[in-house]
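Q: I need the structure of the sequence given here:
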Amino acid sequence: MLRVLAVDDEKPLLEELLYLLRSDPRVRSAEGASDATEALRRVTRALESGPDGPDGIDVVFLDIHMAGLTGLDIARLLAGFARPPLIVFVTAHEGFAVQAFDLKAVDYVLKPVRPERLAEAVRRTCAQLGRAEEVPVAAAAPSGPSAAAAQRPPAPEAAVAERGPEQIAVELGGVTRFVAIADIAYVEAQGDYARLHTDEGSHLVRIPLSTLEERWGARGFVRIHRRHLVALARIDELRLDSGSTTVRVGAAELQVSRRHSRELRDLLMRHATG
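A: Residues are numbered from 1 along each chain as shown. This is a model prediction of the structure:
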């Protein structure tokens, strides 16, 4: 079972997070810290006592925006220890996901925190520590027909299936919205996430770019770079300049890798001639 330290400088949010964590049968203990100094002091004491010591900490649920050191700063400091605890970021801001996963975070939970989303973060932490078998699924979730759904949120592909194949579910601040795939101009890889760009803005989803490439190939999306997947019909311009190839998609100018350049030109020619 997990020993947890939750860190947030907003007391009501910290108390709510601790309440939810203590309600999970996979969590042995959950203590709180309201600032970076207290958090680092507790983690240092835990590391000094050893992994099986009375002050041990398995995972830190960490806010990002705090007075003084940010959650990202704390994670970088903890990464310098020989055996640091795992990190789960809990934040109201989606824009730090890439940095978070560069720091080897187990998960990135957006506020306001939903119980089922937090339960998924606990599940991932247990799995990474090799403790997923300690609590049966039935004990970690409500009984009844909706037990499996309460244990963890639906995978992105499941959410899409519920609304038909024309939309993809995106989550922002605990609210799930549905974006029409036809409205997506291009997709940008951001670590374990992909950012969907539409004319109105962008949305972050936890789906690898390679998965979207495979899933949306039949919809006219093509890979032009290791970081970009583009809707062929949304390409406004192809430019060749001194051996470099770029495409313009709306206001964005995207680099085309040498590997994909010839294939893209052939696809555009076939698309233009029907």
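Q: Leaving out chain neighbours, which residue sits closest to I74?
A: Distances taken as CB to CB, 6 or more residues apart in numbering place A36 nearest to I74, at 5.4 Å, with adjacent residues excluded. Yep, even glycine has a C-beta here, placed from its N, CA and C like the rest.
Q: typed the wrong thing, it's R45
A: D55 (4.9 Å).
Q: Tell me how many other residues crowd T91.
A: Residues within reach of T91, counting by other CB atoms under 10 Å, total 23.
Q: and the gap between the residue nearest to R45 and L5?
A: 10 Å (CB to CB, to the nearest Å).
Q: list residues touching both of the two?
A: Common neighbours of D55 and L5 (criterion: CB atoms under 8 Å, 6 or more residues apart in numbering): 42, 46.
Q: ok, those two, which is more surrounded?
A: The neighbour comparison of D55 against L5 (other CB under 10 Å) goes to L5, with 22 against 15.
Q: Mind listing the residues bridging to the more buried one?
A: E31, V60 (DSSP bridges).
Q: Surely it touches A39?
A: Yes - using CB atoms under 8 Å, L5 makes contact with A39 at a distance of 6.6 Å.
Q: intersection of neighbour lists for the two?
A: Common contact partners of L5 and A39 (CB under 8 Å, 6+ apart): 33, 60.
Q: So which residues of the stretch 151-274 of the chain form helices?
A: 156-162, 209-216, 258-272 (DSSP state H, counting those that start in this stretch).
Q: Name the residues that touch the second one?
A: The set of residues that contact helix 209-216 without belonging to it, under CB under 8 Å, 6+ apart, is 157, 181, 187-189, 194, 221, 223, 227, 229.
Q: change it to 7 Å
A: Residues outside helix 209-216 that contact it (CB atoms under 7 Å, 6 or more residues apart in numbering) are 181, 187, 189, 194, 221, 223, 229.
Q: how close does the fourth one get to R206?
A: Counting by CB to CB, the gap from A194 to R206 is 8 Å.
Q: more neighbours, these two?
A: Neighbour count, other CB under 10 Å: between A194 and R206, A194 has more, with 24 against 16.
Q: and that one, what pLDDT?
A: pLDDT for A194: 86.
Q: circling back: return the two entries of the contacts of helix 209-216 that lie farthest from one another.
A: I181 and A189 (17.4 Å; CB to CB).
Q: Make sure P25 is indeed in a helix.
A: No - assigned with DSSP: H, G, I helix; E, B strand; the rest coil, P25 falls outside any helix and is coil.
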